[in-house]
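[1] Dropping the sequence and predicted coords here.
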Amino acid sequence: MNDRNLSRAAKGKAKESVHWHLGWWDLCHSLEGTRRPIQWSKSSVIFTTHEYQPLVLARHFPTCRQFVLPSPDAVLKSIVSYDPPTVLSLSPTDDWLFAYFPGKGVDGLGCLWRRDGQLDNWVVREFWGFPMGGGVVTTAWTSGQREWTVSETGTSSRLPPLGPLTPIASPMLFLVTQNHQIHFCYLPPFVSSLKVTKATLLQPTPTDSIQPHIDSGPPGKIGGDRICTQAAIGLCYQDSTILVAMRSRLMPSQESNHATESPMDLGLSLDMTSPAPSESPFVAEWELWGEELTITLCEVHLQFRHTTPPVTTHPLPPIFHPSSQLIDLAFFCPPPAQRSAPASPSKPGSKGPGAAAHTLYLTATFLDTSDYTSVPSSEIMCYTFTSRESLGDSHWVLQGETKRPSSTKLPCFLVPSVRRGGLLAGFLDIRGLLPRRKQKTETTTGAVEVLKLPDLTASEDWDSVPILSHVDHGNVDVPVSVALSPNEALLSCVTSPLLGAHTSVQALPRRVSGGLASITAGHLHGDLARQLVAALRARRSPSDIVHALAMPTLPQDAAAGTLCAALATMGADSHGLMEMWTAELLGVATEMYNSRAQRLGRGPEKDLCAARWRTAHDINSLRACCRAFDACQEGDAYDLDAVWQLVGMSGWVIELMEKLFKECVLVGDNAAAAPSTPSDRDLPETPALPLDSPVFLHLVHPYALSRLHTALEHVKRFRDHVGKLAAKGDNSHIAKDVLMDITDCSGVDLQTLGPLLSEILQDCKKLDGTALPSALCYLVR
């Protein structure tokens, strides 16, 4: 652990075999609590912090578009007085962002941004100070936001709100600070300024006072201050009680009186000495300084009544653990099981005897670094809490604990995963082999597994995927901070700045076939399809799912099969809105096939992906043109304020129809279908597309053909309407001449084409309905 060794074994001119070993610098950020925070928003924006400047950086995934959030005025006036943010937290509504800037010898600063329309337009809403020794350790949001979930049977439903229900419309922010306080931040109705309510987490809130009790100074022991260094906030579905877990460290008091140490008077002679100072009070407690061996627990109740404090606290018995190095602390609340019959109506937050008990898991990761000559041993603990409704007792009760020790691999992160029903755990190898090829810049440094709760065993339903790390001159970067993508399809990792920090994206475990331990096509289709359906229903960005489907390592049939499974799932639970969801799926198909075409090399597969994404884009463009014409239509007339926009769309529709005519003519004149004459052989041949080419989907699929027919009808009516009008100005003359030239001088006869497409559409509706969805996803046949 003291040095990254490069072991080389060579015989003559044989190739060198280079290994890497995990170094102390790979674990220092976890042990010292200096990880760079990272957040992945539902609109597919990854937020990180600058390496050494007090800035918040953002990047839109999967593009390279980057921007920087505006800093608060206090930071801009004195940039050198603040460190980079140590806490970043996004609201469930995706429009609020909180960051905490630690101060360098000054008070820290908390800042709250509000997104204003565009993804890169963030405005500073509020910023306020935190005293030294009272900085923010962790955060949590609660709101009325309800997440969509899709069961394995294809039924879509919405989970209850996570956290206590409140009458406030905007999201509410909970902060746990170093001086063991909880801050409740919210915007009251019709009030422009942020309101902050505080309460201590080490003492129960007095019941005879409306205002919560706040200690004047940081609680601690004689000669030192007790500072919270790790914390986690546990929120539960349909439960108004919050559980807070804290890990503290005893440190020398910053306000200790050093009057006993009398300075030397330089005016005295050399033979005069100062009296010996009295024994310092720190000497007796020197061995007590450092991280405590307990995890402090406290219940927090949120109430909106005039006779009680808005935030009340009730400390619980602490949890003891002999290890003094806690590196991870997190809560996980399993989602409630779906009920077959609707539950009886009850008031939110009711605590009747028939209320169901809730379960909350607290996971903690410990490292033992007492032996400096060997690799640290690790231990993952899971503490199970259940709720009870007995009056006069605590709401949460510790039911049991589970231990998972390890001496061969080191855990680097634990992330709760709702869709996998457990924990995503990243384990680092102690050593590994560096790639032999110089052009290869990645190597495997560990694995990501899914752990079941509460036994912490590896789940048999999910495979294990490798952790790929960047290699540079024999050095290997390992993940320091991670964030799940909005749909839990990918994992974003930030590496240590000691070796050049960068952000990477990792794949996540997929469902496997239990006995075979291999990924099956059906499981792959089902998992990604359910994630895609949930993303579309929640109006979240599906960029992470599209990225997973567009990887060249995934077979193209598997990617198209995922779209078919998603379309079938939405069709069975569409409630008469199937056309709206079909348009959404075509948008996903456009992104997926376009991304695959950009990643593939030249060849038939690249050409096929390019043809598919263009066809899907054209179908959605026809739908958009029809909606635009409908918005401008007033009976048989059209709003001429948007005449140039309508002229442009008319030209595009005519060009698309001419392209379809050209391909149909080439197919009809194909040499394979008709014998060629000697005069034909002298002419240059234009290759004809096969009949299963995606472009012909416009003429055989009812969804695409109906949009094409409607768009052409709009163009014809718009041309007839403008042709009857007398132009009164130069702009009107030009617009009318351009429209007449587009429609009358083209190879498309709108008068006869409309009835012909109508007859073909009626025949297409008689096709086999079971084959139509797959044709729309594969964009063939």
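    Received the coordinates, thanks.
[2] Now do the same contact list for F101.
    P54, V75, Y82, D83, P84, P85, G108, L109, G110, C111 (Cβ atoms under 8 Å, 6 or more residues apart in numbering). (C-beta placed from N, C-alpha, C; glycine too.)
[3] Could you do A566 as well?
    So A566 contacts L528, A529, R530, L532, V533, L536, L585, V588 (Cβ under 8 Å, 6+ apart).
[4] between these, which is nearest F67?
    V588 (25.3 Å; Cβ to Cβ).
[5] Could you export the contacts of F101 as a markdown table, including pLDDT and neighbour count?
    As requested, the contacts of F101 are exported to a markdown table (pLDDT from 0 to 100; neighbours: other Cβ atoms under 10 Å):
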| residue | pLDDT | neighbour count |
| --- | --- | --- |
| P54 | 95 | 25 |
| V75 | 94 | 20 |
| Y82 | 95 | 21 |
| D83 | 93 | 16 |
| P84 | 94 | 21 |
| P85 | 95 | 27 |
| G108 | 95 | 25 |
| L109 | 96 | 24 |
| G110 | 96 | 26 |
| C111 | 96 | 23 |
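[6] Looking at those residues, which are in helices?
    Secondary structure from DSSP state H places V75 of the contacts of F101 in helices.
[7] can you put the contacts of F101 in TSV and add distance to H321?
    Putting the contacts of F101 into TSV (distance: Cβ to Cβ, whole Å) gives the following:
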residue	distance to H321
P54	35
V75	38
Y82	34
D83	30
P84	31
P85	29
G108	29
L109	33
G110	31
C111	35
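[8] Closest one to L549 out of the contacts of F101, please.
    P85 (33.6 Å).
[9] If we ignore the residues flanking it in sequence, what's nearest that closest one?
    Excluding the flanking residues, the one nearest P85 by Cβ to Cβ, 6 or more residues apart in numbering is A99, at 4.1 Å.
[10] Following element in sequence after the worst-scoring helix or strand of the chain on mean pLDDT, please.
    Lowest on mean pLDDT, DSSP states H and E among the helices and strands of the chain sits helix 678-681, with a mean of 48. Heading C-terminal from helix 678-681, the first helix or strand you meet, by DSSP states H and E, is helix 697-700.
[11] ok, and what's touching that next one?
    615, 618-619, 656, 660, 664, 704-705, 708, 760, 764, 767, 775-776, 779-780.
[12] let's see 10 Å
    Helix 697-700 has contacts (Cβ atoms under 10 Å, 6 or more residues apart in numbering) with 612, 615-616, 618-619, 622, 656-657, 659-660, 663-664, 691, 703-705, 707-708, 757, 760-761, 763-764, 767, 772, 775-776, 778-781.
[13] Distance from the chain centre to that helix, please.
    With Cα atoms, centre = their mean, to the nearest Å as the basis, helix 697-700 stands 37 Å off its chain's centre.
[14] swap in stretch 69-84?
    27 Å.
[15] Distance across that stretch, terminal residue to terminal residue?
    13 Å (Cα to Cα, to the nearest Å).
[16] still on that earlier bit, among the contacts of A566, which one has the most neighbours?
    Using other Cβ atoms under 10 Å as the neighbour criterion, L532 leads the contacts of A566 with 28 neighbours.
[17] Is it within a helix or a strand, and which one?
    Per DSSP H and E: helix 521-537 holds L532.
[18] helices or strands next to that helix in the packing?
    Applying 3 or more Cβ pairs under 10 Å, 6 or more residues apart in numbering; DSSP states H and E, one finds that helix 521-537 contacts strand 148-150, strand 156-158, helix 543-549, helix 556-572, helix 578-599.
[19] quick one, it and helix 578-599 angle?
    120 degrees (axes from the mean of the first three to the mean of the last three Cα atoms, to 10 degrees).
[20] Average pLDDT for helix 521-537, rounded please.
    In this model, helix 521-537 has a mean pLDDT of 79.
[21] Which pLDDT value belongs to the nearest residue to C111 once chain neighbours are set aside?
    Excluding the flanking residues, the one nearest C111 by Cβ to Cβ, 6+ apart is F127, at 4.3 Å. On the pLDDT scale, F127 is placed at 94.
[22] Over to L757?
    90.
[23] Now it. Nearest residue, chain neighbours left out?
    H709 (4.4 Å).
[24] Same question for S543.
    Nearest to S543 is S44, by Cβ to Cβ, 6+ apart, at 4.1 Å.
[25] circling back to that earlier point, which one of the contacts of F101 is nearest R436?
    The closest of the contacts of F101, once distances to R436 are taken by Cβ to Cβ, is P84, at 37.4 Å.
[26] That closest one against Q53, yeah?
    Yes: with contact defined as Cβ atoms under 10 Å, P84 counts as touching Q53 (6.4 Å).
[27] What about E658, how many residues nearby?
    Neighbours of E658 (other Cβ under 10 Å): 13.
[28] List the contacts of it.
    S746, G747, V748.
[29] burial of E126, as a residue count?
    17.
[30] what pairs with it across the strands?
    Counting by DSSP bridges, E126 is bridged to L112.
[31] Pull the contacting residues for it.
    72, 98, 110-114, 185, 187, 192-194, 196.
[32] what mean pLDDT does stretch 328-348 have?
    68.
[33] swap in stretch 87-98?
    Here the average pLDDT along stretch 87-98 is 94.
[34] residues near the closest residue in space to T241 that isn't next to it in sequence, how many?
    Sequence neighbours aside, H395 is the residue nearest to T241 in space, at 4.5 Å (criterion: Cβ to Cβ, 6+ apart). By the measure other Cβ under 10 Å, the count of residues near H395 is 22.
[35] before we move on, what about S253?
    Neighbour number of S253 under other Cβ under 10 Å is 18.
[36] Quickly note the distance from it to T294.
    20 Å (Cβ to Cβ, to the nearest Å).
[37] ditto for A726
    From A726 to T294 the distance is 88 Å (Cβ to Cβ).
[38] What's the first helix or strand after the host helix or strand of V480?
    Element membership of V480, judged by DSSP H and E, is strand 479-484. Using DSSP H and E, the helix or strand that follows strand 479-484 towards the C-terminus is strand 490-495.
[39] Contacts only, for Q598.
    A550, K606, C609, A610, W613.
[40] buried sites along the longest helix anywhere in the chain?
    The longest helix of the chain (DSSP H) is helix 604-632. Buried residues in helix 604-632, counted by 16 or more other Cβ atoms under 10 Å: 608-623, 625-626, 628-629, 632.
[41] quick one on the thing from earlier: and the residue nearest to T241, what does it touch?
    236, 239-243, 299, 301, 314, 316, 351, 358, 385-389.
[42] ditto for F427
    378, 380, 406, 408-413, 445-449, 464, 467.
[43] That one: helix or strand, and which one exactly?
    Counting by DSSP H and E, F427 is found in strand 422-429.
[44] Also V653?
    Going by DSSP H and E, V653 is part of helix 643-668.
[45] before we move on, back to that, counting by contacts, list what the next helix or strand along the chain from the longest helix of the chain packs against.
    Following helix 604-632 in sequence order, the next helix or strand is strand 633-634 (DSSP H and E). Counting contacts by 3+ Cβ pairs under 10 Å, 6+ apart, strand 633-634 is packed against helix 702-724.
[46] what are the ranges of the strands in the stretch 151-300 of the chain?
    156-158, 172-177, 181-186, 195-200, 224-234, 241-252, 290-291, 294-302 (DSSP state E, counting those that start in this stretch).
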